[in-house]
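# any chance you can model this:
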Amino acid sequence: MNNNTKFVFVTGGVVSSLGKGIAAASLAALFEARGLKVTMQKLDPYINVDPGTMSPFQHGEVFVTDDGAETDLDLGHYERFTHASMSRRSNYTTGRIYESVIRRERRGDYLGATVQVIPHITDAIKNAVLSLCADDVDIALVEIGGTVGDIESQPFLEAIRQLRFDLGRKNTAYIHLTLLPYIASAGEIKSKPTQHSVQKLREIGIQPDVLLCRSEHPIPKGQKDKIALFCNVDREAVIDAPDVDTIYGVPLSLREGKLGTRVLEHFGMQDTEPDLSVWEDICKQIRTPEKAVRIAMVGKYVELADAYKSINESLFHGGMANGMRVEIEYIDAESLEKQGSKSLHGVHGILVPGGFGERGTEGKMVAIQYARENKVPFFGICLGMQLAVIEFARHVAGLENANSSEFDERAEHPVIALMTEWEQEGARVQRSSDSDLGGTMRLGGYPCKLVKGTHAASAYRQKEIRERHRHRYEFNNTYRQQLEEAGLVVSGTLPDDSLVEIVEVHEHPWFVACQFHPEFLSRPYAPHPLFAAFVGASRKYSEQP
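Predicted coordinates for the structure are as follows:
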């Protein structure tokens with residue numbers, strides 16, 4: 001183990017959804033801006049082994065790492081705010097921890113001992129945290145999911161309490177994110193919820209080193225003094241975390257509060273002025289555009305914006321690359337099945353994202369057909385690509401009963417189908433989370449070769465790329481020649497040409513659909529080429545007379 005790696009543990013109190021993930025990622029950005037090397041981890045208290053089988057309505061999107069792990073959406077924030085690459089070791093759940101302990105118990109690894117939460121579960125958690133230690137990692141930031149006081153979080157909190165004894169105070173720092181509600185009738189910010197949250201944390205045996213206080217209004221000096229006194233922290237360690245107009249302004253806000261300075265002082269590390277010019281430029285790009293493009297997001301989980309978190313952010317990144325503001329209009333795919341395409345009139349681009357199951361697919365194909373026939377810029381992702389192929393097969397290639405075997409196992413023309421055993425072997429198909437329900441899926445990063453002269457090649461400006469996948473069904477190569485002859489362009493495949501990765505449509509200004517999830521690689525400081533090209537095409541469409 002690298003004894004030089006320092007650990008920052010981020011907990012939350014009072015209520016959920018305060019933004020622990022954004023705060024942790026922003027602090028990591030502050031460390032990177034000082035030239036330090038960072039990595040991050042999320043410890044989730046739910047019993048699912050991973051979020052792969054959870055409904056997006058329950059948990060938001062599933063973020064996929066290059067090594068094929070299905071993880072919490074906060075890992076998307078970690079990668080968007082830093083240059084660190086997350087992996088399977090970056091997200092552990094209660095289910096995954098217990099699964100590993102029970103597996104060891106069944107093998108007899110505990111030599112007949114009674115297996116208990118302490119020490120066996122807490123040791124497994126500590127080992128997961130310590131796996132972040134590396135010679136090239138200066139600081140590891142670990143976010144504890146849930147809220148202090150939850151039963152589910154207790155083993156994780158106990159584990160990080162023990163880690164202070166194991167590693168020492170100078171190698172561990174506790175940051176507690178909490179809420180100071182503003183009571184309008186009294187005209188005051190109230191500190192009592194924060195006091196009670198810290199009290200609960202101290203009962204567990206954890207004394208926070210820094211309090212990060214969320215509030216809609218500036219926190220008066222007197223309130224900060226009171227919080228410091230009753231929560232037993234230094235006055236300088238009570239730091240504002242005010243609301244900002246863009247999440248990419250949080251690193252700048254936390255710099256003002258000297259959060260990075262406080263933590264480095266705690267570690268006894270030399271502090272330098274962080275270079276946040278990149279984040280200043282990003283915020284300027286977000287705030288200055290006057291012109292906007294309207295993008296229709298036609299999905300089946302549109303009631304919860306977090307279900308498409310990475311896509312939303314990638315669209316904003318694409319807007320920044322084009323000096324435009326992106327306005328996303330969420331459209332329920334099922335509504336198009338009942339009302340037709342009238343809600344799409346007036347948009348400058350149409351995006352159909354991924355998903356699982358048949359619900360809403362006919363509505364998504366209404367949007368795809370509208371985009372294809374009316375020359376509206378179109379971007380299909382994962383299921384969006386599969387449905388674009390089906391729509392093209394039905395309405396252009398003359399395969400009226402074309403479908404996916406996911407929706408109809410006896411489809412007359414299964415232009416989208418499960419991979420054959422040969423294709424699975426060639427594509428290194430992984431088992432999804434080793435779960436019974438997961439089955440075989442293509443998960444994680446795969447290479448893709450691009451065809452010269454296509455929109456995809458023009459966007460990427462390189463011959464071969466690598467993108468992340470999360471799906472089970474594929475383009476059926478049996479129909480490839482017939483569809484290509486009808487005008488469908490295969491612009492990207494695996495290097496051995498075995499699986500289709502990107503398709504386009506002839507004689508369309510920008511109609512591109514990909515089997516992978518490009519949103520997982522987009523960054524505010526490096527917008528993904530396909531999102532930048534899509535928004536650029538939408539801008540041109542908006543400028544037409």
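
# looking at the chain, which helix or strand is least sure?
Across the helices and strands of the chain, mean confidence by mean pLDDT, DSSP states H and E is lowest for strand 430-431: a mean of 48.

# the one residue sitting closest to the centre of the chain: which element?
Among the residues of the chain, the one closest to the centroid is Gly76, at 2.9 Å (C-alpha atoms, centre = their mean). Gly76 is part of helix 74-81 when elements are defined by DSSP states H and E.

# equivalent analysis for Ser26, please.
helix 20-32.

# that older thread, can you name the element that comes right after the least confident helix or strand of the chain?
Next along from strand 430-431, by DSSP H and E: strand 440-450.

# restrict that following strand to CA atoms and write it as CSV.
Taking C-alpha atoms only, strand 440-450 is exported to CSV below (Å, rounded to 0.1, in the frame of the first residue of the first chain):
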residue,chain,number,x,y,z
THR,A,440,-24.8,-11.5,-21.5
MET,A,441,-24.2,-7.9,-22.3
ARG,A,442,-21.6,-5.9,-24.1
LEU,A,443,-20.3,-3.7,-21.2
GLY,A,444,-17.4,-1.2,-21.2
GLY,A,445,-15.0,0.0,-23.7
TYR,A,446,-14.6,-1.4,-27.2
PRO,A,447,-12.6,-0.1,-30.3
CYS,A,448,-14.4,1.0,-33.4
LYS,A,449,-13.0,1.8,-36.9
LEU,A,450,-14.6,4.6,-38.9
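
# show me what the mean pLDDT comes to for stretch 286-300.
Mean per-residue pLDDT for stretch 286-300: 94.

# quick revisit: quick one, what contacts the residue nearest to the centre of the chain?
Going by C-beta atoms under 8 Å, 6 or more residues apart in numbering, Gly76 touches Glu61, Phe63, Lys309, Ser310, Glu313, Phe520. Bear in mind the C-beta positions are built from the backbone N, C-alpha and C, glycine included.

# pLDDT score for the first one?
At Glu61, the predicted lDDT confidence score is 92.

# next, count neighbours for it.
Other residues near Glu61 come to 25 when the count uses other C-beta atoms under 10 Å.

# if we can go back for a sec, distance from the helix holding Ser26 to the middle of the chain?
15 Å (C-alpha atoms, centre = their mean, to the nearest Å).

# ok, stretch 267-274 next?
Using C-alpha atoms, centre = their mean, the offset of stretch 267-274 from its chain centre is 29 Å.

# what does that stretch rub up against?
With C-beta under 8 Å, 6+ apart as the criterion, stretch 267-274 contacts 6, 30, 33-35, 139, 170-171, 173, 255, 260-261, 264-265.

# just the buried residues of that stretch, please?
Residues Phe267, Met269, Pro274 are the ones in stretch 267-274 that count as buried (16 or more other C-beta atoms under 10 Å).

# end-to-end on it?
17 Å (C-alpha to C-alpha, to the nearest Å).

# my guess is Pro495 contacts Lys449. True?
Yes - applying C-beta atoms under 8 Å, one finds Pro495 in contact with Lys449, separated by 5.0 Å.

# which neighbours do the two share?
Joint contacts of Pro495 and Lys449 (C-beta under 8 Å, 6+ apart) are Glu464.

# who has more neighbours, those two?
Lys449 (16 against 10).

# now do the contacts for that one.
Lys463, Glu464, Gly492, Thr493, Leu494, Pro495, Asp497 are the contacts of Lys449 under C-beta under 8 Å, 6+ apart.

# from Glu337, how far out is the fourth one?
Applying C-beta to C-beta, to the nearest Å, one obtains 32 Å for the distance of Thr493 from Glu337.

# the fifth one now?
The spacing between Leu494 and Glu337, counted by C-beta to C-beta, is 34 Å.

# okay, the residue located most distally from the centre of the chain: pLDDT?
Farthest-out residue of the chain from its mean C-alpha position, per C-alpha atoms, centre = their mean: Gly112, at 41.2 Å. Here the pLDDT value assigned to Gly112 is 87.

# and it, its phi and psi?
When read as degrees, to the nearest 10, the backbone of Gly112 gives phi 80, psi 0.

# distance check, it against Glu105.
On the measure of C-beta to C-beta, Gly112 and Glu105 end up 10 Å apart.

# go on, Gln162?
Distance from Gln162 to Glu105, by C-beta to C-beta: 21 Å.

# same check on Asn477?
With C-beta to C-beta as the criterion, Asn477 and Glu105 are 46 Å apart.

# please enumerate the helices of the stretch 351-500 of the chain.
For the stretch 351-500 of the chain, the helices defined by DSSP state H, counting those that start in this stretch cover 361-373, 383-395, 421-426, 455-460, 480-485.

# might one say that Met297 is in contact with Ile331?
Yes - between Met297 and Ile331 there is a contact under C-beta under 8 Å: 6.7 Å.

# list the contacts of the spatially closest residue to Met54 that is not a sequence neighbour.
In space, and not counting its chain neighbours, Met54 is closest to Asn48: 5.9 Å by C-beta to C-beta, 6 or more residues apart in numbering. The contact partners of Asn48, by C-beta under 8 Å, 6+ apart, come to Met54, Thr93, Gly95.

# how many other residues sit next to Gln162?
Gln162 - counted by other C-beta under 10 Å - has 17 other residues nearby.

# just the one 10 residues further on next, same as before
Neighbouring residues of Thr172 were enumerated by other C-beta under 10 Å; the total is 21.

# right, and it touches Lys6 too?
Yes - applying C-beta under 8 Å, one finds Thr172 in contact with Lys6, separated by 7.4 Å.

# send me stretch 385-392 as CSV with only the CA atoms.
Output in CSV follows, covering the C-alpha atoms of stretch 385-392 (Å, rounded to 0.1, in the frame of the first residue of the first chain):
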residue,chain,number,x,y,z
MET,A,385,-29.7,3.3,-33.1
GLN,A,386,-31.5,0.0,-33.0
LEU,A,387,-34.9,1.7,-33.6
ALA,A,388,-33.4,3.9,-36.3
VAL,A,389,-32.4,0.7,-38.1
ILE,A,390,-35.9,-0.8,-37.6
GLU,A,391,-37.6,2.4,-38.8
PHE,A,392,-35.3,2.5,-41.9
